[in-house]
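>>> Compute the structure for the input listed below.
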Amino acid sequence: MQNTSHQPDHNKALMDGWLNKAQRSRQALSLLQAELHGFVQRWRRSPEAPPQQSNAAASNQPSLVVTEQDSAALEQLRQQLIRSAWPVRKVAIPSLLLYLFLCVWLFPLNQWLNLLLITIITGLFLLFLTVREVMLPNYQAFSEHFRHHFVPALARNFANISYQQNGQLDPSLFVQRLHFGDNRLHPGKTVARSEQSDYFRGNHRGCAWELVQVSFYNQQDTQLFCGQLVLLTLPKHFAGSTSINMPCLESSASRVHLENSDFTTRFSVMATDQISARSWLTPAVMTRLEQLSQLFSDKLRANLSGNSLLLLLPAKQLVALPAIDEPITQSQAGLAFVQELQLFHQLIDALVAQFPTTQA
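Coordinates of the predicted model:
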């Protein structure tokens, strides 16, 4: 009798191989798109007038503080990536454009139109292969180091923050508070499993906070949410439950009307205890929530229950990869992450300002 015990393992290995190839292809397509966009931007940019940032805008941005040791290795990988981009930027893309120009110049219009579609498809496919084989290995090394070494270094230099690449939050702390719809009417909105990575933990003014990149899936393995989950543990318990931009399924929940009409216009606030909801949603807290939401396309969701504030911030990845042509110490992606950490601490400041006994 033939032994089929290893058949599932073989099938799993094949599936993992296909998924890995698909992921590499998606990364290569994203990289190709970025290179084409960058080529157009470099062509349009006037060398006599490089983009300048106003002093006012610069003063409002957080500073990017990293040690030379933290930035040197990533900068070296960035330089290797730029060198590997030379065949794409100096040969492949100009050759494609030159070929299109010659087609327009040499062939009659009816023949050129017939060649146009096949020319574009063939040219982009060759560009894609060039990017995948020449640039992608260096790009992957650069992105891995940026996400798992440089970004944690930014957090550590900002405050006393710990990091675990494969760390996780206990699902029992948040799963029962996640409502992406009325689960009684739409079972497909119920969270069945989660995937977590890039776990951060910090403490500010006696308030512990945890952040993790997470994806939630239902029973049909359809993704319900992808982004950052943040848990803040406050030094005081609040009565009832307050939800912001999330369904509140308790029968006693009702809409909360706040003095800040702009906030209630942008956010749907439901609570089981109106007095408790108004007590913690002070003007300063609402301002920080609005600022944090703006960093995530105005799609912040939140739930306060007891002394635990849960935030859901949609994002495909923890930190967007920086442009490879900008120095690491000037990375806009890194600055955005530091700004997010600053807003977390400012939100905590606004929350604990209600508790005079909390020590700074």
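
>>> From here on, just use CA atoms for contacts and neighbour counts.
Fine.

>>> What segments of the stretch 201-350 of the chain are strands?
207-217, 223-244, 254-255, 269-271, 301-314 (DSSP state E, counting those that start in this stretch).

>>> what does the shortest one rub up against?
Looking back up the chat, that one is strand 254-255. 268-272, 274 (C-alpha atoms under 8 Å, 6 or more residues apart in numbering).

>>> right, and out of the residues you listed, which lies closest to Ala315?
Ser268 (20.6 Å; C-alpha to C-alpha).

>>> For the closest one, which non-adjacent residue is closest in space?
Asn245 (4.9 Å; C-alpha to C-alpha, 6 or more residues apart in numbering).

>>> what's near enough to touch that neighbour?
Applying C-alpha under 8 Å, 6+ apart, the residues near Asn245 are 267-269, 300-302.

>>> ok, which pair from these is furthest apart?
Val269 and Leu300 (11.9 Å).

>>> More neighbours: which of those two?
The neighbour count for Val269 versus Leu300, taken as other C-alpha atoms under 10 Å, is higher for Val269 (25 against 20).

>>> beta partners of the more buried one?
Applying DSSP bridges to Val269 gives these bridge partners: Ile244.

>>> Just the pLDDT for Trp86.
pLDDT recorded at Trp86 is 89.

>>> What separation do you get for it and Glu340?
Distance of Trp86 to Glu340, computed by C-alpha to C-alpha, to the nearest Å: 34 Å.

>>> which of the two has more neighbours?
Glu340 (17 against 13).

>>> residues contacting that one?
Here Glu340 is in contact with 292, 295 (C-alpha under 8 Å, 6+ apart).

>>> what separates it from Val319, distance-wise?
With C-alpha to C-alpha as the criterion, Glu340 and Val319 are 10 Å apart.

>>> do Thr282 as well
In terms of C-alpha to C-alpha, Thr282 sits 29 Å off from Val319.

>>> ditto for Ala153
Distance from Ala153 to Val319, by C-alpha to C-alpha: 13 Å.

>>> Ok, Ser215 next?
Ser215 is 15 Å from Val319, by C-alpha to C-alpha.

>>> Looking at these two, which is more packed in?
Ser215 (21 against 15).

>>> wait, the more buried one sits on Ser194?
Yes. The criterion here is C-alpha atoms under 8 Å, and Ser215 meets it with Ser194 at 5.5 Å.

>>> Go through the contacts of Asn245 and say which is closest to Val131.
Leu300 (35.6 Å).

>>> residues contacting that closest one?
With C-alpha under 8 Å, 6+ apart, Leu300 has these contacts: 244-245, 292-293, 311-314.

>>> In CSV: the residues you listed, plus pLDDT and distance to Ile120.
Conversion of the contacts of Leu300 to CSV gives the following (pLDDT from 0 to 100; distance: C-alpha to C-alpha, whole Å):
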residue, pLDDT, distance to Ile120
Ile244, 92, 47
Asn245, 89, 44
Leu292, 92, 42
Ser293, 92, 40
Leu311, 95, 45
Leu312, 94, 41
Leu313, 94, 38
Pro314, 92, 35
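
>>> would TSV of these with distance to Arg24 be doable?
Formatted as TSV, the contacts of Leu300 follow (distance: C-alpha to C-alpha, whole Å):
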residue	distance to Arg24
Ile244	37
Asn245	35
Leu292	32
Ser293	31
Leu311	31
Leu312	28
Leu313	26
Pro314	23
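
>>> now for the longest helix seen in the chain, which elements pack on it?
Of all the segments of type helix in the chain, defined by DSSP state H, the longest one is helix 7-44. Contact analysis of helix 7-44 by 3 or more C-alpha pairs under 8 Å, 6 or more residues apart in numbering; DSSP states H and E lists helix 109-130, helix 136-145 as its packing neighbours.

>>> Would you mind listing the buried residues in it?
Across helix 7-44, burial judged by 16 or more other C-alpha atoms under 10 Å covers 24-25, 27-29, 31-32, 35, 39.

>>> quick one: which two of those are the most distant?
Arg24 and Phe39 (22.1 Å).

>>> re the thing from before, what's the angle from the longest helix of the chain to helix 136-145?
100 degrees (axes from the mean of the first three to the mean of the last three C-alpha atoms, to 10 degrees).

>>> What is the distance between helix 7-44 and the centre of its chain?
How far helix 7-44 lies from its chain's middle: 18 Å, per C-alpha atoms, centre = their mean, to the nearest Å.

>>> If you average the pLDDT over that helix, what comes out?
According to the model, helix 7-44 has a mean pLDDT of 77.

>>> again with stretch 248-259
pLDDT averaged over stretch 248-259 gives 81.

>>> on that earlier part again, could you export the buried residues of helix 7-44 as JSON lines, including distance to Leu169?
JSON lines is the format used below for the buried residues of helix 7-44 (distance: C-alpha to C-alpha, whole Å):
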{"residue": "Arg24", "distance to Leu169": "29"}
{"residue": "Ser25", "distance to Leu169": "31"}
{"residue": "Gln27", "distance to Leu169": "28"}
{"residue": "Ala28", "distance to Leu169": "32"}
{"residue": "Leu29", "distance to Leu169": "33"}
{"residue": "Leu31", "distance to Leu169": "32"}
{"residue": "Leu32", "distance to Leu169": "35"}
{"residue": "Glu35", "distance to Leu169": "37"}
{"residue": "Phe39", "distance to Leu169": "42"}
